[in-house]
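In: Sequence first, then the predicted structure:
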Amino acid sequence: MSGAVLKGVDALLAVSLPRVPVPHRQPVPKRLADHIPSWLFWMEHVRGRSPNTIRAYADDARMFVAFCERVGCPYAEQVTHQVVEGFTGACRVGLGQKETSIARRRHALVSLFFYLEREGLVTKNPAKLAMGMKVPPRPPANYMTKAERDKILTVLSGRDSWHGRRNYAMFSLMFLSGLRVSDVCHLTVADVDLEGRSLYIRAGKGNKDRRVPITPKLTRILHGWITTTRSRCVGADSPWLFLHMKRTHRYHGQPLNPKAINHQVRNQIVPILGRKVTPHSFRHSYGTHIWEESGDMRLTQHLMGHASINTTAIYAHVTPRKEREKLAEYLK
């Protein structure tokens, strides 16, 4: 081998890596619970799933293992499609869970047994053979109209306190970029490209990075927040774009978390609007407005950052403006 290759091998061997859980191949059968750590390790480090996905899958696996122990099937090779169907039925009848939640749990089990089958620990995938429940159509998104959006931003723009200006910039960003709340919380000042009119989202949903374009209006609002108010307020040395600014707050200088943003929505937005909305309603509003104006499902999917266009289809409950104009022309 060449010197460059040998040098690369030496560097690779010098890297400190976590201990890889070795799949159980001993003649003595292992319980299903013993395979969960190696599966989660594989999902995280080989498949590259996000920490949120790993936590959700770990919870699903623990519930399924407990169910299998209860019904007398503690070993992976004992699990049949009837056991999986019994588990999903118990989730619905015993726990009252919705079909969407049950579908996600079943998907986690399909992944688990795919891993076990791939490692030669089972001969078939019982979760894949199990019948899935019919998932009802998703209800229309809870969104705010353009008139409601403009009303909210007009009221917020008149508030001169540091918190008021922060909320104006933050809710403007949520309305005009459609970011998920977790992405808003993780934004830093360095992620805002005012000249290029874009936001850089790091490790978003699915552990993916993406760049989101922003409008000239939002660019002006963020420029005012970053260069004037934020630069003078308490906690300005923090890298985070939106942060706790109260000096006596225990999280002073730290980024806002989803719970804090939800608190601001309840106390600041709901009184203006006069009806209940959630932080995710801002994202639904952005997606609905894009679809309504463009009628382009692919464009809406791209701007929303959806992996599947089926997810974007929830915004089709509103008739695009161009179609309304054509309809009015046909029926005049």
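Out: On my side now, so go ahead. Model, not experiment: these values are computed from the prediction.
In: can we go C-alpha only for contacts and neighbour counts from here?
Out: Will do.
In: Would you mind listing the buried residues in the helix or strand hosting Arg211?
Out: Using DSSP states H and E, Arg211 sits within strand 210-213. Neighbour-count burial for strand 210-213, counted by 16 or more other CA atoms under 10 Å, picks out Val212.
In: pLDDT below threshold where in the stretch 1-150 of the chain?
Out: 1-29, 137-141 (pLDDT under 70).
In: quick one, strands of it?
Out: With DSSP state E, counting those that start in this stretch, there are no strands along the stretch 1-150 of the chain.
In: The spatially closest residue to Thr229 that is not a sequence neighbour: what's it in contact with?
Out: Nearest residue to Thr229, sequence neighbours excluded (CA to CA, 6 or more residues apart in numbering): Trp162, at 6.8 Å. Trp162 makes contact with 229-230, 233, 245, according to CA atoms under 8 Å, 6 or more residues apart in numbering.
In: Next: Leu109.
Out: Leu109 touches 60-61, 127, counting by CA under 8 Å, 6+ apart.
In: Kindly provide the distance from it to Glu85.
Out: 11 Å (CA to CA, to the nearest Å).
In: repeat for Gly206
Out: With CA to CA as the criterion, Gly206 and Glu85 are 28 Å apart.
In: More neighbours: which of the two?
Out: Glu85 (19 against 13; other CA atoms under 10 Å).
In: I figured the more buried one hits Met133, correct?
Out: No - judged on CA atoms under 8 Å, Glu85 makes no contact with Met133 at a distance of 9.3 Å.
In: For the residue nearest to Thr229, give its distance to Trp225.
Out: 10 Å.
In: Now Leu256: closest residue in space that isn't a chain neighbour?
Out: Leu243 (5.0 Å).
In: show me the contacts for the residue most central in space within the chain.
Out: Centroid-nearest residue in the chain, with CA atoms, centre = their mean: Lys205, separated by 4.1 Å. Listed by CA under 8 Å, 6+ apart, the contact set of Lys205 reads Ser50.
In: what would the contacts of Leu109 look like in CSV with neighbour count?
Out: As requested, those are exported to CSV (neighbours: other CA atoms under 10 Å):
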residue, neighbour count
Asp60, 18
Ala61, 21
Ala127, 24
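In: now those as CSV including distance to Ile201?
Out: Shown next, in CSV, are the contacts of Leu109 (distance: CA to CA, whole Å):
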residue, distance to Ile201
Asp60, 28
Ala61, 30
Ala127, 34
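In: wait, which of those is closest to His306?
Out: Using CA to CA, Asp60 comes nearest to His306 of the contacts of Leu109, at 23.8 Å.
In: shouldn't that closest one be in contact with Ala108?
Out: Yes - contact criterion CA under 8 Å: Asp60 and Ala108 qualify, at 6.8 Å.
In: now what about the host helix or strand of Ile152, what contacts it?
Out: Under the criterion of DSSP H and E, Ile152 resides in helix 146-157. If you take CA under 8 Å, 6+ apart as the criterion, helix 146-157 is touched by 164-165, 167-168, 171-172, 175, 269, 272-273, 289.
In: And for stretch 183-192?
Out: Under CA under 8 Å, 6+ apart, the answer for stretch 183-192 is 174, 198-202, 204, 226, 239-242, 255-258.
In: Just among those residues, which is most surrounded?
Out: Phe242 (27 neighbours).
In: Next one: it relative to Gln254, how far apart?
Out: Distance of Phe242 to Gln254, given as CA to CA: 9 Å.
In: go on, Gly224?
Out: 21 Å.
In: More neighbours: which of these two?
Out: Higher neighbour count among Gly224 and Gln254: Gln254, with 18 against 15, using other CA under 10 Å.
In: Just give me the neighbour total for Val46.
Out: 10.
In: Next up, phi/psi of it, please.
Out: Dihedral pair for Val46: phi -100, psi -50, per degrees, to the nearest 10.
In: cool, and the one 4 residues further on?
Out: Main-chain dihedrals, Ser50, degrees, to the nearest 10: phi -70, psi 160.
In: Out of the contacts of Trp162, who's the most crowded?
Out: Going by other CA under 10 Å, Arg230 tops the contacts of Trp162 with 23 neighbours.
In: what's the helix or strand for that one?
Out: helix 230-232.
In: So for the helix or strand that comes right after that helix, what gets flagged as buried?
Out: Heading C-terminal from helix 230-232, the first helix or strand you meet, by DSSP H and E, is helix 258-264. Buried residues in helix 258-264, defined by neighbour count with 16+ other CA under 10 Å: 258, 261-262.
In: Just the C-alpha atoms of stretch 262-277, please, in CSV.
Out: Taking C-alpha atoms only, stretch 262-277 is exported to CSV below (Å, rounded to 0.1, in the frame of the first residue of the first chain):
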residue,chain,number,x,y,z
ASN,A,262,-45.4,28.4,23.3
HIS,A,263,-45.8,30.6,26.4
GLN,A,264,-45.3,33.8,24.3
VAL,A,265,-47.9,32.5,21.8
ARG,A,266,-50.5,32.0,24.6
ASN,A,267,-49.8,35.3,26.3
GLN,A,268,-49.1,37.6,23.3
ILE,A,269,-50.7,36.1,20.1
VAL,A,270,-53.9,34.5,21.4
PRO,A,271,-55.2,37.7,23.0
ILE,A,272,-54.7,39.6,19.7
LEU,A,273,-56.2,36.9,17.6
GLY,A,274,-59.1,36.0,19.9
ARG,A,275,-58.8,32.2,19.3
LYS,A,276,-56.5,29.4,20.1
VAL,A,277,-53.4,28.8,18.0
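In: Noted, bye for now.
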